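Asker: Below is the sequence, then the predicted model.
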Amino acid sequence: MKIMTVFGTRPEAIKMAPVIQELLGRPEIETKVCITAQHREMLDQVVDLFGIPVDYDLNIMEKGQTLYDITERILTGLREVLEREKPDCVLVHGDTTTTFTAALSSFYQQIDVGHVEAGLRTGNLYSPFPEEANRTLTGVLAKWHFAPTETARHNLLKENRRDDHIFVVGNTVIDALLATVKKDYIFADPAIESIEKHKRVILVTTHRRENLGEPMRHVYRALRRLVENVPDTEVVFPVHRNPLVRRVVNEELENRPGIHLVDPMEYEPFTNLMARSAIVLTDSGGIQEEAPSLGKPVLVLRDTTERPEAVAAGTVRLVGTDEKRVYENAFRLLTDETAYKAMAEAVNPYGDGQAAGRIVDALLWCYGKKQEKPSVFIAK
Ligand code: UD1
Ligand code: UDP
């Protein structure tokens with residue numbers, strides 16, 4: 001039984017790493033790994049950290065790449081790899097252009113596709129863009145659907161996916177997170193180690209395509225006002241490598257006291273910094289899943305989310321990108337202890353650290369190598 005995993009960006013790598021580790025531990029499975037390198041440096045950081053053995057590297061990233069560029073290069077690059085390896089199943093993850101294109105490329109050769117983190121939906125094809133379409137289209141092409149939550153399973157059933165091909169397994173990001181966050185972690189970067197000791201950290205990330213330009217500018221102006229008006233706080237902002245993000249960040253936030261602009265952080269220091277931050281402001285998908293597990297209030301800089309579970313649990317709030325709204329929500333959390341405590345409750349709607357094992361057990365069941373179906377993830 002040959003399983004090939006294909007991924008290309010930082011979050012896919014983080015969330016596929018536990019699955020690959022699990023696949024490699026099963027002697028009945030031959031495991032192949034193909035990276036598209038839709039991201040280069042940010043992907044390599046994760047591949048190195050988890051020691052992922054890469055068999056194929058399509059190395060497609062270009063500065064300022066368009067959706068056409070990514071799609072075109074992956075579709076043709078994967079063709080040869082799939083013709084050569086002929087895996088029984090290709091595993092893809094999430095909602096990136098790598099995800100959809102790898103699923104399409106596999107479909108063209110009638111190779112089964114397994115979709116990890118299947119079934120998340122906002123219901124609006126343009127938000128997040130193009131991720132909502134990528135994930136939905138991958139769901140159409142996939143044979144096996146590994147849904148992180150019961151809500152995701154329901155979304156797939158509404159789209160007429162077969163019930164016995166959907167497995168509710170939890171999100172593998174929680175497997176990665178639990179293996180990485182440590183109580184006595186010491187940051188290798190002395191600057192971060194010292195901020196964290198003296199001040200409350202506001203951790204920030206932004207990268208969504210629909211937030212590029214003015215929406216991001218609004219958020220950054222809110223950050224400036226926050227550090228000016230709440231004296232014991234500092235912003236740590238690992239800035240995404242997208243040049244369109246970097247330009248606006250530099251225009252609005254460079255050389256401002258209390259605002260630390262750093263390069264994308266390695267996964268280990270990043271998650272440990274999240275564990276010690278006061279609040280998180282982000283438009284990231286993965287961080288919306290990790291922070292609730294660590295009991296950190298998250299203000300989501302978006303108008304929609306495909307991850308409603310932590311919003312319902314009260315640890316995540318959608319605030320969009322309006323300067324006033326972002327500022328007022330963050331200010332209140334940082335100055336009103338009751339408001340803070342109400343959001344700072346650790347909840348685990350997304351996983352229990354066992355998702356990767358369930359996925360690989362399910363694959364063995366799907367291909368007749370195991371009698372029992374895997375256990376189901378039930379959120380507590
Ligand atoms: C991509 C995904 C998005 C995911 C995000 C995670 C698509 C369409 N978008 O968005 O779903 O949430 O990754 O971060 O699939 N760059 C580098 N080095 C890197 C990574 C990026 O220089 O290691 C720069 C390049 O100039 C690249 C640009 O960032 O062209 C944008 O990268 P791209 O993958 O196209 O889009 P993201 O916004 O990163
Ligand atoms: N992350 C990281 N270093 C950083 C910022 C984020 O390792 O400097 C991790 C984070 O913990 C999460 C993932 O990257 O697991 C999220 O990636 P991103 O926000 O780029 O993509 P998304 O989840 O929105 O697709």
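Answerer: Okay, I see it. Nothing here was measured: the structure is a model prediction, and the numbers come from that model. Numbers count the residues shown, from 1 in each chain. Ligands and ions are numbered 1, 2, ... in the order given.

Asker: what's the span of stretch 289-307 from first residue to last?
Answerer: This stretch, stretch 289-307, spans 8 Å end to end (C-alpha to C-alpha, to the nearest Å).

Asker: typo on my end, it should be stretch 180-193
Answerer: Its first and final residues considered, stretch 180-193 spans 17 Å by C-alpha to C-alpha.

Asker: which of the residues in it are buried?
Answerer: Thr180, Val181, Tyr185, Phe187, Ile192 (16 or more other C-beta atoms under 10 Å). Where you see a C-beta, it was placed from the backbone N, CA and C, and this is true even at glycine.

Asker: ok now do the last one, which residues does it touch?
Answerer: Shown in contact with Ile192 (C-beta atoms under 8 Å, 6 or more residues apart in numbering): Val236, His260, Val262, Pro269, Leu273.

Asker: Give me the buried entries from the residues you listed.
Answerer: The neighbour count (16+ other C-beta under 10 Å) marks Val236, His260, Pro269, Leu273 as buried among the contacts of Ile192.

Asker: Hmm, the first one is touching Leu253, no?
Answerer: No: in terms of C-beta atoms under 8 Å, Val236 does not count as a neighbour of Leu253; the distance is 11.7 Å.

Asker: who in the protein is up against ligand 1?
Answerer: If contact is defined as C-beta under 6 Å from any ligand atom, the residues of the chain in contact with ligand 1 are 9-11, 38-42, 63-65, 67, 70, 95-97, 130-131, 207, 209, 241-243.

Asker: mind listing the helices for the stretch 251-380 of the chain?
Answerer: Here the stretch 251-380 of the chain has its helices, by DSSP state H, counting those that start in this stretch, at 267-276, 286-293, 309-313, 323-335, 337-343, 355-366.

Asker: got the angle between the first one and helix 286-293?
Answerer: Right, the one you point to is helix 267-276. An angle of 50 degrees separates the directions of helix 267-276 and helix 286-293 when computed by axes from the mean of the first three to the mean of the last three C-alpha atoms, to 10 degrees.

Asker: can I get the CA coordinates of helix 267-276 in PDB?
Answerer: What follows is helix 267-276 as a C-alpha-only set of coordinates in PDB (Å, rounded to 0.1, in the frame of the first residue of the first chain):
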ATOM      1  CA  TYR A 267       7.300  26.600  14.900                       C
ATOM      2  CA  GLU A 268       8.800  25.800  18.300                       C
ATOM      3  CA  PRO A 269       9.600  29.300  19.500                       C
ATOM      4  CA  PHE A 270       6.400  30.600  17.900                       C
ATOM      5  CA  THR A 271       4.000  28.300  19.700                       C
ATOM      6  CA  ASN A 272       5.900  28.700  23.000                       C
ATOM      7  CA  LEU A 273       5.600  32.500  22.600                       C
ATOM      8  CA  MET A 274       1.900  32.100  21.900                       C
ATOM      9  CA  ALA A 275       1.600  30.100  25.100                       C
ATOM     10  CA  ARG A 276       3.100  33.100  27.000                       C
END
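
Asker: what about it and ligand 2, touching?
Answerer: Yes: counting by C-beta under 6 Å from any ligand atom, contacts between helix 267-276 and ligand 2 involve Tyr267, Phe270, Thr271.

Asker: And these, which of them are buried?
Answerer: Neighbour counting by 16+ other C-beta under 10 Å classes Tyr267, Phe270, Thr271 among the residues of helix 267-276 next to ligand 2 as buried.
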